[in-house]
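*Asks:* predicted model and sequence follow; I will ask about them next.
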Amino acid sequence: MISAKLRAWWGSPVVWTVRFLPGVSAGLAAALCLLVLVNGLLPAVAILASGMIVGAVPGTVSRGFDSADGRTAVWALVLMGVAFVGQQVVARLSASVAGTVGARLDGRLQQRAIVAVNGPVGVRHLDDPAVQNQVSRVAGMGVGGYTPGGAVTGLTTRAGQWVQGVAAVVLIAFYQWWLAALIFAAQLVWGRVTRREYARQTKALVSQTGLLRRADYFRDLALTGGAAKEIRVFGLADWLVDRFRTEWTDAMAKVWAQRGTDVLSALALCFVLAANFLAFFLLGWDAARQAIGLGALVIFLRAVMSVATVSTRGRQDLQISHGVAAIPALLALEAAAAGVPTVSGRPVPVDVPKSEVAFHGVTFAYQGATTPVLKGFDLVIPSGRAMAVVGVNGAGKTTLVKLLARLYDPDDGQITVDGVDVREFDAHEWQRRIAAIFQDFTRYELSVRDNVTFGAIGNAGDERLLRRAAERAGIRERVEALDHGWDTLLTRQRAGGAELSGGEWQRVALARALFAVEAGAKILVLDEPTANLDVRAEAAFYERFLALTQGVTTIVVSHRFSTVRKADQICVVDGGKVLELGSHDELLAKRGRYAEMFASQSDHFLDQTPGEPK
Ligand SMILES: Nc1ncnc2c1ncn2[C@@H]1O[C@H](COP(=O)(O)OP(=O)(O)OP(=O)(O)O)[C@@H](O)[C@H]1O
């Protein structure tokens, strides 16, 4: 029972944070401890000095500064001055060291958070709203704008107050040990009871993470610029402000409801009032009957008041309570990442796929979905050939690619490469073999160089590969004409940055995939690679398609038949299965779904332009 409690305490977020500090900087953590100790003891020194001064005043007045009392008064004054100035200096120093240690701690934890969130091979965990709430707490590094680093500052303040309180208790013990214990107990209870409010507020804030994320979404939509155009065109600004206010107020109402006092607080207040009253009464009584001197009276009175620092409430309590709220979320994410069993496996042979990539009876449903996207899906993609995947919206084309890249694993069936289940391979190594450019590819607000070389980060320094990939994607000329060439930042929000058009971005993304292929990836996945390209660019891509994909096992997902028809084979996905499979000509001859889709797109083009799509 006790050991369980001890374990829980040892693993509690506050203690975890403190235990973590020496790892952040042993020297700074030790310095902080020392400063906290000195900062907490100096008030006791000042109390003693003030008592000595008061005690020595009558003697000094009657016998002068040359007397023993006079010398005591002078030394006590010096001590008082040193203690006072020392407190100012040490308080500033400890705040500064706590700030530094805190900032480093936040940096460390953020690194761990990045590793934890990206630890699992797949992305299934990110579909879980509970995990997203954890991610949000970890990303914000706490709740309510407080971080574990801020908690270090709060803990420093709190620890200093404790040392000060305990030192005062020791002083009172020289008068009456039981009184010292009583006052200490009263202040402890009062502090604990009143601080419950902060713990309750933190708990409420944590429970409201989902709602707060929604409020944050509206705020970020309005502030980060991604929706700036639509907000203006559709006049959404007032609506956004309104939604943000409603969501935020709803979320915070539960937190604010935790404020206030209760019967227990009132009882604790009575306890602390009674203990202090008793102390003042006894001290006054003993002073009146001259059982204690004037100096001792001052020391004990001030010491009684000083114990109250143990129960002081303030900003530090929120800093601690809210700040460490990120820790359980981080540890949960880390535990989840560590629990993924399928990361390591056998090395992926250099030349896979030698014969084929195959889906065997693959069934897959997204978390929470009632019907599977794929139901016993079978498909063989011969190595070095291009397979196009077509189908209506939501048919599961992108899902196929996600499964192949092990962003998700099938619920049933298997995906094999040259007969080996991909789950047997080292997952990270396998993912490096796939050069995928998704429909919703990422527009990194970084340099063009980064945007392309992210395809194979290990080859980032290879200028020849970089230029070749950009050339093949048809973006090299445009990049080299930019003010800072390959180092141009692709965002207007940074000085010297450039903004690309949708089609140019798509070519950069294509260059990224091609860079990966140049660097050794064997499977090229192009999900809607021409969606943003103009007619000419699309035609050019189509002309180069065979050259781009030559010798690489390629999967191209597209609604554009000009791209699709170039593939060696085309697979029509419908109802979670392969409905038709064959070359463009074979499928046209079959007069099935593919021929129907092709005809309707051709008709559409014929309506608009003279000539059928190429
Ligand atoms: N992360 C997810 N969680 C839950 N459902 C998802 C998720 N991703 C996709 N889906 C659902 O799975 C189905 C198949 O999606 P998928 O993206 O594979 O379709 P698609 O054939 O590529 O469609 P499109 O042609 O519109 O790009 C859709 O109904 C979609 O809503």
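*Replies:* On my side now, so go ahead.
*Asks:* residues in this structure within reach of the ligand, list them.
*Replies:* The chain comes close to the ligand at residues 127, 366, 369, 373, 391, 393-399, 439, as judged by CB under 6 Å from any ligand atom. (Glycine included, C-beta is placed from N, CA and C.)
*Asks:* residue contacts, Gly260?
*Replies:* Listed by CB atoms under 8 Å, 6 or more residues apart in numbering, the contact partners of Gly260 are Glu197.
*Asks:* can you check the pLDDT for it?
*Replies:* For Gly260, the pLDDT comes out at 70.
*Asks:* what of Gly339?
*Replies:* pLDDT for Gly339: 65.
*Asks:* for His604, same thing?
*Replies:* At His604, the model reports a pLDDT of 58.
*Asks:* once you drop chain neighbours, what's closest to the most centrally placed residue in the chain?
*Replies:* Nearest residue to the geometric centre of the chain (CA atoms, centre = their mean): Ala139, 2.3 Å. Excluding the flanking residues, the one nearest Ala139 by CB to CB, 6 or more residues apart in numbering is Ala113, at 7.0 Å.
*Asks:* what residue ranges in the stretch 401-550 of the chain are flagged as low confidence?
*Replies:* Counting by pLDDT under 70, the stretch 401-550 of the chain contains no low-confidence segment.
*Asks:* report the buried members of the residues of the chain next to the ligand.
*Replies:* Among the residues of the chain next to the ligand, those buried by neighbour count (16 or more other CB atoms under 10 Å) are 373, 391, 395-399.
*Asks:* mind jotting down where the helices sit in the stretch 501-614 of the chain?
*Replies:* According to DSSP state H, counting those that start in this stretch, the stretch 501-614 of the chain carries its helices in the segments 502-518, 535-549, 561-564, 584-590, 593-608.
*Asks:* domain-wise, how is this structure divided?
*Replies:* The chain breaks down into these domains under automatic domain parsing: 14-337, 353-433+553-603, 434-521.
*Asks:* picking up where we left off before, output the helices of the stretch 501-614 of the chain as TSV; include the columns mean neighbour count.
*Replies:* Converted to TSV, these look like this (neighbours: other CB atoms under 10 Å):
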stretch	mean neighbour count
helix 502-518	24
helix 535-549	16
helix 561-564	23
helix 584-590	15
helix 593-608	14
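*Asks:* save these as CSV, and put in distance to Glu247 too.
*Replies:* Shown next, in CSV, are the helices of the stretch 501-614 of the chain (distance: least, CB to CB, whole Å):
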stretch, distance to Glu247
helix 502-518, 31
helix 535-549, 42
helix 561-564, 42
helix 584-590, 50
helix 593-608, 42
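*Asks:* mind listing the helices for the stretch 201-350 of the chain?
*Replies:* Ranges of helices in the stretch 201-350 of the chain, per DSSP H, counting those that start in this stretch, are 209-223, 228-233, 237-256, 263-288, 294-306, 315-323, 326-338.
*Asks:* tell me which of these is the most buried.
*Replies:* Across those, averaging neighbours per residue (mean count of other CB atoms under 10 Å) puts helix 315-323 on top, at a mean of 23.
*Asks:* with just CA atoms, put it into CSV.
*Replies:* C-alpha atoms of helix 315-323 as CSV (Å, rounded to 0.1, in the frame of the first residue of the first chain):
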residue,chain,number,x,y,z
ARG,A,315,1.3,32.2,-9.9
GLN,A,316,3.8,29.5,-9.0
ASP,A,317,1.0,27.1,-8.3
LEU,A,318,-0.5,27.5,-11.7
GLN,A,319,3.0,27.3,-13.2
ILE,A,320,3.5,23.9,-11.5
SER,A,321,0.1,22.4,-11.9
HIS,A,322,-0.6,23.5,-15.5
GLY,A,323,3.0,23.2,-16.6
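*Asks:* which helices and strands does that helix pack with?
*Replies:* Contacts defined by 3 or more CB pairs under 8 Å, 6 or more residues apart in numbering; DSSP states H and E place helix 315-323 against helix 148-173, helix 177-207.
*Asks:* quick one: which of those helices is nearest Gly295?
*Replies:* Minimum separation from Gly295 across these (CB to CB) falls at helix 148-173, 12.3 Å.
*Asks:* specify the angle between that closest one and helix 263-288 in degrees.
*Replies:* Interaxial angle, helix 148-173 versus helix 263-288 (axes from the mean of the first three to the mean of the last three CA atoms, to 10 degrees): 40 degrees.
*Asks:* show me the contacts for the residue of the stretch 101-250 of the chain found nearest the ligand.
*Replies:* Of all residues in the stretch 101-250 of the chain, the one sitting closest to the ligand is Asp127 (4.8 Å; CB to the nearest ligand atom). Going by CB under 8 Å, 6+ apart, Asp127 touches 366-368.
*Asks:* switch the cut-off to 10 Å
*Replies:* Shown in contact with Asp127 (CB atoms under 10 Å, 6 or more residues apart in numbering): 366-369, 408.
*Asks:* in those, find the pair that's most separated.
*Replies:* Gly368 and Tyr408 (13.3 Å).
*Asks:* and those two? which has more neighbours close in?
*Replies:* Legend: neighbour count by other CB atoms under 10 Å for Gly368 and Tyr408, higher for Tyr408 (20 against 8).
*Asks:* relative to Ile172, how far out is Gln187?
*Replies:* Between Gln187 and Ile172 the distance is 11 Å, computed by CB to CB, to the nearest Å.
*Asks:* who touches both of those two?
*Replies:* Jointly contacting Gln187 and Ile172 under the rule CB under 10 Å, 6+ apart are 304, 307.
*Asks:* so which strand or helix has the residue nearest to Ala139?
*Replies:* Per DSSP states H and E: Ala113 is located in helix 68-117.
*Asks:* that helix packs against which elements?
*Replies:* Where contact means 3 or more CB pairs under 10 Å, 6 or more residues apart in numbering; DSSP states H and E, helix 68-117 is packed against helix 13-24, helix 26-63, helix 129-139, helix 148-173, helix 315-323, helix 326-338.
*Asks:* and those, which one averages the lowest pLDDT?
*Replies:* helix 129-139 - the lowest mean pLDDT of these, at a mean of 80.
*Asks:* packing partners of it?
*Replies:* Applying 3+ CB pairs under 10 Å, 6+ apart, one finds that helix 129-139 contacts helix 68-117, helix 177-207, helix 209-223, helix 326-338.
*Asks:* go through those helices and name the closest to Val298.
*Replies:* Closest approach to Val298 among the helices and strands packed on helix 129-139 (CB to CB): helix 68-117, 11.1 Å.
*Asks:* okay, the angle between that closest one and helix 129-139?
*Replies:* Orientation check (the same axes, to 10 degrees): helix 68-117 against helix 129-139 gives 140 degrees.
*Asks:* I'd like the mean pLDDT over helix 68-117, please.
*Replies:* On average, helix 68-117 scores 91.
*Asks:* quick one: it to helix 326-338, angle?
*Replies:* With the same axes, to 10 degrees applied, the angle from helix 68-117 to helix 326-338 works out at 30 degrees.
*Asks:* mind checking the SS state of Phe65?
*Replies:* coil (DSSP: H, G, I helix; E, B strand; the rest coil).
*Asks:* so for it, what's the nearest residue that isn't a sequence neighbour?
*Replies:* According to CB to CB, 6+ apart, the nearest residue to Phe65 is Val74 (6.4 Å).
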